[in-house]
Every structure is written in C-alpha cells, then in structure tokens.
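Visitor: Build me a structure from this.
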Amino acid sequence: MNFEQVLAITDTLVFKKTGKHLTDAQTAVLQGTWYCQKYHEIALEYRCTPEYLKQDVGPKLWKLLSDELGERVGKKNFRSVIERLPSPNSSPNAPPDPTPTPAPPNSLTASGVDWGEAPDVSQFYGRLRELAQLEQWILDEDCRVIAILGMGGMGKTSLSVKLTQKIHSDFKFVIWRSLRNAPPLTEILSDLIQFLSPKTEGRLSPEAGRQISQLIELLRTSRCLIILDNIESILQEGNRVGYYYPGYENYGDLFKRLGETQHQSCLLMTSREKPREIAALEGQTLKVRCLPLPGLDTEIVKKLFKPKVSIVPQNNGKN
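Guide: Take a look at the predicted model:
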C-alpha cells in the first residue's frame, strides 16, 4: 500500500464521519506520520508551529479516526492500523473469501538486501513530496529507470536511502552501490549479477554487453531495486556535460537497455548531471523519469546545519 492509497482511505473515513474532506494540515500530519517523521519535522515542511500539529491537528485527527474505526489510533500505530483496512477500490458488499489467496512473491519482504556503503539517514528532514512522487513512480507506475538530479549537497543520496528504506519490502532483492570511485562497468555488473544469482559465478561473461543481457534476464525473473549513487563520477564536466569519461561509455549502454527493455525491476540513480541516454528516454508517461531536487526550505536547512553547542574551557589566566 502506498501513501496515495492511504490518503484515499483516510479521506473516506474522515468524510464519512464529518462530511468534510481532509484539510491540508491533516494531510501533512498523515504524510509525515506515514514517512516516520516527528511533529517538528512535519511542521518545518508545512511551515507552521510543532505545537499546532502536536496539540491540535494531530489529537483531533487521531480521535476522529479512533471513533470511526472503533479502536485506538495514534501516531505510533497509524500505519499498522491503516494497512489492515481494505483498499478503497474493493467492494464493501463483497463477502469475505473463506480461502484467502496467497500473497504474490513480489509482496513479500525482500529476501536479499545489500546496503553497500549507504549512509545513515536517521537525521532526515523534508522531501516528503519527493518521497511520495518517487514511491508512486516505482510502485504504481512501474518505472524502469529513475534519476534523482541536483547539485552537490542537495540530499540526493539521503533521499535515495530513505526511499529504499520505505519500499524495500516490495522487492525480492535490493542492492545499493556508490560509483564514487568510478568502478568499471564490468565490476559493477559482476557484483550485481552475483548478488542476484550467486550460482551465476563461473558462468559470468567477461564482456559488458553480455553481462547487461544476463542482468536484464535476472531483472525479468525477480523484482529488484538497484540504486547507483554518484553517477556524476563517470561523467565529464564543463562543455562535455552528459558525456562519459573515456572507458566509461558502456554505462550509457546499460542505462539505455534498462530503460528500453521490458522487465519488472527498477534502477534508481543519483547524479549532478543527466546522462544523455536518460535525457533521450525520459518522459512524464514513459518508464524513464527524472526528479530534479529543488532547494530545501530555509527552516529545514537551519535544522540540518544547526551548530552543536560546545563548552569552551576557561583559561583562568593561564597560558
């Protein structure tokens, strides 16, 4: 279940109880709660005081939902409660199925997750809209290749990790890798293929083109999420923006084939620059998308860079 579905279910409950749809403030609380943010973090995004959300909007919303559902609903258990409810598309008059259909394999918790050198994102602020947009593209619209674009320091890497933490259970395999040290494509492909199919070792082609074909076959067989961070490490700068450094041109073949070929998986990349192949394949209704990151709200930036208070020892007249 993604947040758009959650919003539809909750709005239906609220309208049934009050005759009114969710307010912007209520929606902000729900969205922040769904993405595990605290009230002060939601307030930064919504541009209001934490007290307003914590002492007014939140309690009234949780009480309303508790009364309507007949069980206690709060910020801590909202997600578990809402996920037990039927989808808004299901028929309310349909009789319960006495023999539940087993969940499809793709809905199970990921059986293989390799975080590589993914950073800690316990201190994550803002970007709720971007998280929701990426989740929709990946889970609802089955995009095959997505590029998160932005200048250095915009939070591209943290956003990719936070998103992966939220949606990893929708994939059988998840693997996060950084291109910071500009590894050759064959090294990355070998790593990916052997993680997704350990039995492939010994049968791995030394040629990049054949390795791409092997990878695509695995991405067809199992639903996988691959994250490649710091794509700009293999891209030239200046008047050669979008072009690869010599020896790394075959990365473009990888991006092109993953974007054009039908499969059930997703490649998520972060980069300061847009590779040429992505620019040629992207579109609002296509399976390749780009998400440019705007600057963060001033209050969120202050929160991120809030200086730590340090105690300066007194000299007491001594040198």
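
Visitor: moving C-terminal of the helix of greatest length in the chain, what's the next helix or strand?
Guide: In the chain, with assignment by DSSP state H, the single longest helix is helix 3-18. Where DSSP states H and E defines the elements, the next helix or strand beyond helix 3-18 is helix 24-34.

Visitor: which helices and strands sit right next to whichever helix or strand comes after that next one?
Guide: Next in sequence after helix 24-34, counting helices and strands by DSSP H and E, comes helix 39-46. When contacts are defined as 3 or more Cβ pairs under 8 Å, 6 or more residues apart in numbering; DSSP states H and E, helix 39-46 sits against helix 24-34, helix 50-52, helix 298-304. C-beta coordinates here come from the backbone N, C-alpha and C atoms, glycine included.

Visitor: repeat that for 6 Å
Guide: helix 24-34, helix 50-52 (3 or more Cβ pairs under 6 Å, 6 or more residues apart in numbering; DSSP states H and E).

Visitor: Show me what the helix or strand hosting Ile226 is packed up against.
Guide: For Ile226, the host element (DSSP H and E) is strand 224-229. Counting contacts by 3+ Cβ pairs under 6 Å, 6+ apart, strand 224-229 is packed against strand 173-178, strand 266-271.

Visitor: Got the confidence number for the spatially closest residue to Leu64 that is not a sequence neighbour?
Guide: Leaving out its chain neighbours, the residue that sits closest to Leu64 by Cβ to Cβ, 6 or more residues apart in numbering is Lys17, at 5.7 Å. Lys17 is assigned 87 on the pLDDT scale.

Visitor: Tell me who's in contact with Tyr248.
Guide: Shown in contact with Tyr248 (Cβ atoms under 6 Å, 6 or more residues apart in numbering): Ile234.

Visitor: Look up how far Lys76 lies from it.
Guide: Between Tyr248 and Lys76 the computed distance is 47 Å (Cβ to Cβ, to the nearest Å).

Visitor: before we move on, back to that, just give the strands next to the strand holding Ile226 in its sheet, each with its orientation.
Guide: Sheet pairing of strand 224-229 (DSSP bridges) gives strand 173-178 (parallel), strand 266-271 (parallel).
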